[in-house]
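Student: predicted model and sequence below, questions to follow.
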Amino acid sequence: MAQQPALNILAISYDLPPTLSPQAIQIGRLLSRSRHRIVAVSGPSRAEGPSTDCNRLREAVDRHVVPFSRHSGGLLKRIARRSLPLYGTTPDVYRGWIEPAGRFVTNLIASGAAKPDLIISFGDPMSDHLIGYHLKQRFRLPWLAHFSDPWSDNPFRRFQPLSSIVNRALERRVIEGADATAFTSDETVELVFGKYPNALRARSEVLPHTFDGDAYPKDEGEAPRAVLLRYIGNFYGHRTPEPLFRALAHLLKVAPTVLQGVAIEIVGGIPNRMLRSASFEALPPGLVTVRGTVSYTESLRLMCSSDILLTIDAPAPLSVFFPSKLVDYIGSGRRLVGLVPPGAAARVIGELGGRSVPPDAPVEAISQMLREEIIEARARKRSPLEGPRQLWRKYAIDNVAPMFDSLCSRVVENAGASRS
């Protein structure tokens, strides 16, 4: 089959490398590996650091930065955040970027400096999608709206009633106005489109998060003498290490020898209040080490030198979230274990041969899973992923980038067919 011609794409993504947020890394990776010609408009970089994705993006994408500071305004802005129900929530604190970014992109297109065949907006932030909507209305170009998270259904965004109504209306405007939508998990599609007609659902596709095999260190370093379990990421809100601490304290009571020669590391940001729990204070010194945040490159190195990589998420009846850190775990080839609710993360971990239990499961169930994993890790140092290679390779950028390129081509083709 002949390869379809390359498109001219105009991408709207507030976060792109060298910003090291999960969104910036994932979208930058996708754009930099595309065979299409891409002009990208983003906000200013923040939390910068070196990464393979940053270098590739610089070489492959014509990026334009539109300045914006969401922290300006001083006392009046702080008062508004606390007293006005819609302030900073419809859709988010980046709404002020919509006007300058939209004006900049409009000038690019109107002047002929950019001649896009397709517009793609990437949310989160969801303000990106409102820019895409306005461009669609003005220029009648094909438009793909890509969602890394759900919008109005996001359980971690505490909308007030009026804000919830407005966000549902804004989301509907985007879902109905876009020629196609893309999400990172099947579970997110199920959640979002439960309230929309099947015709809109038929225009949605799943593009999973992806890892870059070239970004991992070639030398994994000397194998540790202990069984080494790591959690890499930040804790905040209801995502807490308390289920891990309680399970370890229980394991010390019922099977203390299992933890001999075991080292557990928490790498990332963690509020001090989460370390003041009785369970954590009851653990012997040296069993759990809390390290600070490390660079993205260092986090990949730490993954590769681990025996077991642990994912922890907040309790929920069902979680649609496919954490980007989990896909980085997958790329390291290490054993996956999760304290995660039923849903996307639990499904992916299970597909790749790992184990998971909900974070609010009985402490006996969590400690039993840890006990079995530690015993098995001793028998096979540097515990590998056990799922078939084709299952974990499906998350590699070399596999996902062609899916993205093909989706872009289909959106343009279908939009043209509907107009003819």
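Tutor: Received it, and whenever you're ready, just let me know what you need. As the structure is a computational prediction, the values presented were derived from the model and not from experiment.
Student: contact partners for the residue nearest the centre of the chain?
Tutor: With distances taken as C-alpha atoms, centre = their mean, the residue of the chain nearest its centroid is S324 (3.6 Å). By C-beta atoms under 8 Å, 6 or more residues apart in numbering, the residues touching S324 are 22-23, 25-26, 148, 209. Where you see a C-beta, it was placed from the backbone N, CA and C, and this is true even at glycine.
Student: redo that, cut-off 10 Å
Tutor: 21-23, 25-26, 29, 148, 184, 209-211, 233 (C-beta atoms under 10 Å, 6 or more residues apart in numbering).
Student: from those, which ones fall inside helices?
Tutor: Mapping the contacts of S324 onto helices (DSSP state H) picks out 22-23, 25-26, 29.
Student: for stretch 119-130, buried residues please.
Tutor: Buried positions in stretch 119-130, judged by neighbour count with 16 or more other C-beta atoms under 10 Å: 119-130.
Student: which one of the residues you listed is nearest D313?
Tutor: D124 (17.0 Å; C-beta to C-beta).
Student: which residue comes closest to the closest one once chain neighbours are left out?
Tutor: Of all residues beyond its chain neighbours, the one nearest D124 is D149 (5.1 Å), with distances taken as C-beta to C-beta, 6 or more residues apart in numbering.
Student: just the element for D92, please.
Tutor: According to DSSP states H and E, D92 maps onto no helix or strand at all.
Student: wait, doesn't it sit right on R157?
Tutor: Yes - counting by C-beta atoms under 10 Å, D92 does reach R157; the two are 8.6 Å apart.
Student: what do those two both touch?
Tutor: Residues touching both D92 and R157 comprise 124, 126, 151, 167, with contact defined as C-beta under 10 Å, 6+ apart.
Student: so what's the residue count around the last one?
Tutor: So the one you mean is N167. 22 (other C-beta atoms under 10 Å).
Student: I'd like the numbering to begin with 398 instead of 1 from here.
Tutor: With the count now opening at 398, the last piece we talked about shows up as N564.
Student: which SS state does it fall under?
Tutor: Secondary structure, DSSP: H, G, I helix; E, B strand; the rest coil: N564 is helix.
Student: try the third one
Tutor: Secondary structure for W548, judged by three-state DSSP, is coil.
Student: and it, how far is that from Q420?
Tutor: 14 Å (C-beta to C-beta, to the nearest Å).
Student: overlap in contacts of those two?
Tutor: In contact with both W548 and Q420: 520-521, using C-beta under 10 Å, 6+ apart.
Student: in this structure, which helix or strand is least confident?
Tutor: helix 471-480 (a mean of 46; mean pLDDT, DSSP states H and E).
Student: and the helix or strand that that one is followed by, what's buried?
Tutor: With elements assigned by DSSP H and E, the helix or strand that comes after helix 471-480 is helix 495-507. By neighbour count on 16+ other C-beta under 10 Å, the buried set for helix 495-507 is 495, 498-499, 502, 505-506.
Student: Q765: what's it in contact with?
Tutor: By C-beta under 10 Å, 6+ apart, the residues touching Q765 are 644, 647-648, 651-652, 754, 758-759.
Student: enumerate the positions of the host helix or strand of it that are buried.
Tutor: Assigned by DSSP H and E, Q765 belongs to helix 760-776. Of the residues in helix 760-776, 760, 763-768, 770-771, 774 count as buried by neighbour count, 16+ other C-beta under 10 Å.
Student: where exactly do the strands run in this protein?
Tutor: 405-409, 434-439, 458-462, 515-520, 540-544, 577-580, 601-603, 624-629, 659-664, 685-688, 705-709, 732-736, 752-754 (DSSP state E).
Student: partners of the fifth one in the sheet?
Tutor: Strands that pair with strand 540-544, judged by DSSP bridges, come out as strand 515-520 (parallel), strand 577-580 (parallel).
Student: in JSON lines: those, plus distance to G747 and mean pLDDT.
Tutor: Below are the strands paired with strand 540-544 laid out as JSON lines (distance: least, C-beta to C-beta, whole Å; pLDDT from 0 to 100):
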{"stretch": "strand 515-520", "distance to G747": "28", "mean pLDDT": "97"}
{"stretch": "strand 577-580", "distance to G747": "20", "mean pLDDT": "98"}
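Student: which one of the ones you listed lies closest to L404?
Tutor: Using C-beta to C-beta, the nearest of these to L404 is strand 515-520, at 5.6 Å.
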